[in-house]
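> I'll drop the sequence and a predicted model, then ask my questions.
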Amino acid sequence: MAARLGLLIIFSIVSLNGLAQENVDIDLVARIKEEAFQRSQVMDTLVYISDVYGPRLTGSPAYYEAAQWTKQRLESWGIENVHFDSYRDDLRGWEIESYSVEMIEPRYMNITALPDAWTAGTDGEVIGEPIIVDYTSWGALQELKGQLHGKILMSPEIRTQGRRREGVFTDQELKNAKSHINPNNRDGLDNSDLGPAEVRSRRRRGPGESEGGNVEQFLLDEGVAAVIRGSGKAPGTLDANQQRFSKIGDMKPVPHFVISKEQHSRMVRMIERDAKITLRLHLKTKFYTNPEYSTNIIAEIPGTDRKLKKQLVLVGGHFDSYHSGTGASDNGAGSATTMEVMRILKTLGVEPRRTIRLVLWGSEEQGLLGSRGYINKYVRDARSGEDKEELSLISVYFNHDNNGHNIRGIYTLGNEAIRPIFESYLEPFHYLGAETVTAEHAGGTDHLVFDALNIPAFEWIQDPLQYFYTQIHTSMDVVDFIAEDTLKRNAAIIATFVYHAAMRDEMMPRKKAIER
Ligand SMILES: [Zn+2]
């Protein structure tokens with residue numbers, strides 16, 4: 001009986017003006033915390049989708065195998081309506097079969113290297129002296145026209161990482177963020193600094209296009225053997241790149257390698273001093289044109305309220321990753337944590353009024369293609385402008401991307417009506433350092449395509465730690481940088497938001513200024 005009584009205790013927070021009142025079920029929050037903190041499965045999930053199946057490059061067999069494992073795992077928890085939902089049929093996958101890069105003269109050096117995604121392999125083993133040239137410059141390449149067959153080109157640029165936010169947010173930074181009234185504050189917490197309009201136009205040039213012509217086509221026509229650049233990340237860390245030729249029928253660019261900054265700069269300094277360097281390298285890659293690999297993963301805890309169950313509370317993030325590391329932080333952590341949210345709520349036997357839907361996207365790293373595909377199918381077709389059913393049914397989308405470190409609060413993207421609601425939901429987590437609601441914009445990931453249609457869609461404020469120097473899109477995006485306790489507390493916070501969003505009387509308020 002005592003337990004039954006506990007369920008009925010509702011903790012109300014009355015806002016200052018008394019107009020808004022948000023219920024927080026503190027008994028349920030306690031049960032969420034105990035399940036999340038004491039019976040967690042989140043690290044095991046992360047290890048599977050990162051160490052065992054990762055990295056999960058879009059369109060690759062690894063992505064698809066990870067998706068199949070995830071489907072089975074969700075079903076084993078009793079999550080319902082688990083299914084794949086394709087978003088494009090014109091994309092191709094890519095995979096590395098083997099490669100090596102070595103300096104063999106005047107001294108032996110085994111080089112830490114990584115190929116760019118969607119490049120062709122070499123024609124067997126290539127041995128040669130690198131030519132220092134800015135191979136991204138149309139002008140510089142024209143001067144060497146006709147002389148590049150079979151050559152290895154090496155960038156002269158010694159790259160350094162620009163200043164990025166790192167470490168834990170200070171109390172002062174969080175306090176400042178709370179009081180910012182402009183969503184597009186340049187001094188905000190978020191590093192990516194991209195509003196929806198900027199995302200739409202951020203790639204004005206097509207792949208390989210330079211001011212003069214298509215550099216990648218030129219390198220291919222010349223018969224260049226391979227090109228090499230130095231990394232711009234932390235020492236020994238490789239920043240992966242993708243040649244943006246991921247559509248079926250696109251050209252297959254020549255092999256591109258990134259090598260460690262230190263080994264690259266050593267060789268540039270040697271060449272400047274007339275040392276004769278000989279490199280030996282090879283690369284084998286494989287392309288895949290399996291349309292079933294381009295799939296989002298969807299799963300549900302169905303709503304139970306006769307009137308509200310058609311409405312949706314979405315939670316998720318992108319499931320794909322770069323081909324470097326194992327995709328543990330970007331976005332294995334977001335995927336594993338939001339899967340854990342579903343497990344926790346299902347295990348507790350909650351009966352949400354609205355349907356809670358997990359959405360794990362593909363092809364985020366190619367320009368939010370998985371979430372855009374979902375929008376086109378179910379929310380609003382971008383080409384025809386036709387509104388679809390879910391435009392009015394999605395109450396809110398909680399996206400989790402951008403590193404997997406401690407959640408410190410949430411970005412509202414300028415939605416002022418939602419501030420008191422989120423402040424209430426965060427209250428039980430103040431003691432864990434999660435208490436900031438900021439009007440600031442958060443950019444660069446899948447919530448933006450929902451926000452662009454004024455569907456409430458949000459990203460979490462997370463401590464950066466070493467994410468921007470070491471982890472993002474690098475060879476060091478690995479499980480070793482992810483703390484298990486962080487995933488547990490993040491899962492509890494998100495489960496609390498998702499549950500209450502699914503239970504409240506009204507849908508989440510949309511932004512007033514741009515209401516349609
Ligand atoms: Zn990401």
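Noted; the coordinates are in hand. Residues are numbered from 1 along each chain as shown.
> Okay, buried residues for the top helix by length along the chain please.
Once the chain is assigned using DSSP state H, the helix that runs over the most residues is helix 484-503. Buried residues in helix 484-503, counted by 16 or more other Cβ atoms under 10 Å: 486-503. All C-beta atoms are positioned from the backbone trio N, CA, C, and that covers glycine.
> Stretch 161-175 too?
Phe169, Glu173, Leu174.
> Tabulate the residues you listed (TSV), appending pLDDT.
TSV is the format used below for these (pLDDT from 0 to 100):
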residue	pLDDT
Phe169	95
Glu173	94
Leu174	96
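> Mind putting these into JSON lines with distance to the ion?
Listed next are the buried residues of stretch 161-175 as JSON lines, based on distance: Cβ to the ion, whole Å:
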{"residue": "Phe169", "distance to the ion": "19"}
{"residue": "Glu173", "distance to the ion": "22"}
{"residue": "Leu174", "distance to the ion": "23"}
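> Restricted to helices, list those.
Short answer: the buried residues of stretch 161-175 in helices (DSSP H) are Glu173, Leu174.
> For Ser329, state which of the buried residues of stretch 161-175 is nearest.
Nearest to Ser329 among these, counting by Cβ to Cβ, is Phe169 at 17.1 Å.
> where's the closest one relative to Leu238, distance?
Applying Cβ to Cβ, to the nearest Å, the value for Phe169 to Leu238 is 28 Å.
> go on, Glu506?
If you go by Cβ to Cβ, the gap between Glu506 and Leu238 works out to 48 Å.
> And these two? Which one has more around it.
Neighbour tally, Glu506 and Leu238, criterion other Cβ atoms under 10 Å: the higher count belongs to Leu238, 24 against 8.
> Quick check: the more buried one touching Ser260?
Yes: in this structure, Leu238 is within contact of Ser260 by Cβ atoms under 8 Å, at 6.6 Å.
> Common neighbours of the two, please.
Thr112, Ala113, Ser231 (Cβ atoms under 8 Å, 6 or more residues apart in numbering).
> Could you find the closest non-adjacent residue to the second one?
With sequence-adjacent residues excluded and distances taken as Cβ to Cβ, 6 or more residues apart in numbering, Ala113 is closest to Val101, at 4.0 Å.
> Also Ala492?
Per Cβ to Cβ, 6+ apart, closest to Ala492 is Ala36, 3.8 Å.
> and if you look at Gly146?
Going by Cβ to Cβ, 6+ apart, Gly146 has Glu222 as its nearest residue, at 7.6 Å.
> Distance check, that neighbour against Lys151.
Distance from Glu222 to Lys151, by Cβ to Cβ: 8 Å.
> try Thr470
Applying Cβ to Cβ to Thr470 and Lys151 gives a distance of 33 Å.
> Let's see the longest helix of the chain as CSV, backbone CA atoms only.
Output of helix 484-503 as CSV, limited to C-alpha atoms (Å, rounded to 0.1, in the frame of the first residue of the first chain):
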residue,chain,number,x,y,z
GLU,A,484,29.9,4.8,-17.7
ASP,A,485,28.5,6.9,-14.9
THR,A,486,28.0,9.7,-17.4
LEU,A,487,25.9,7.5,-19.6
LYS,A,488,23.8,6.4,-16.6
ARG,A,489,23.0,9.9,-15.4
ASN,A,490,22.3,11.1,-18.9
ALA,A,491,19.9,8.3,-19.4
ALA,A,492,18.1,9.1,-16.2
ILE,A,493,17.8,12.8,-17.2
ILE,A,494,16.5,12.1,-20.7
ALA,A,495,14.1,9.4,-19.4
THR,A,496,12.6,12.0,-17.0
PHE,A,497,12.1,14.5,-19.8
VAL,A,498,10.6,11.9,-22.2
TYR,A,499,8.2,10.5,-19.6
HIS,A,500,6.8,13.8,-18.5
ALA,A,501,6.5,15.0,-22.1
ALA,A,502,4.5,11.9,-22.8
MET,A,503,2.2,12.5,-19.8
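> Just give me how far that helix sits from the chain centre.
19 Å (Cα atoms, centre = their mean, to the nearest Å).
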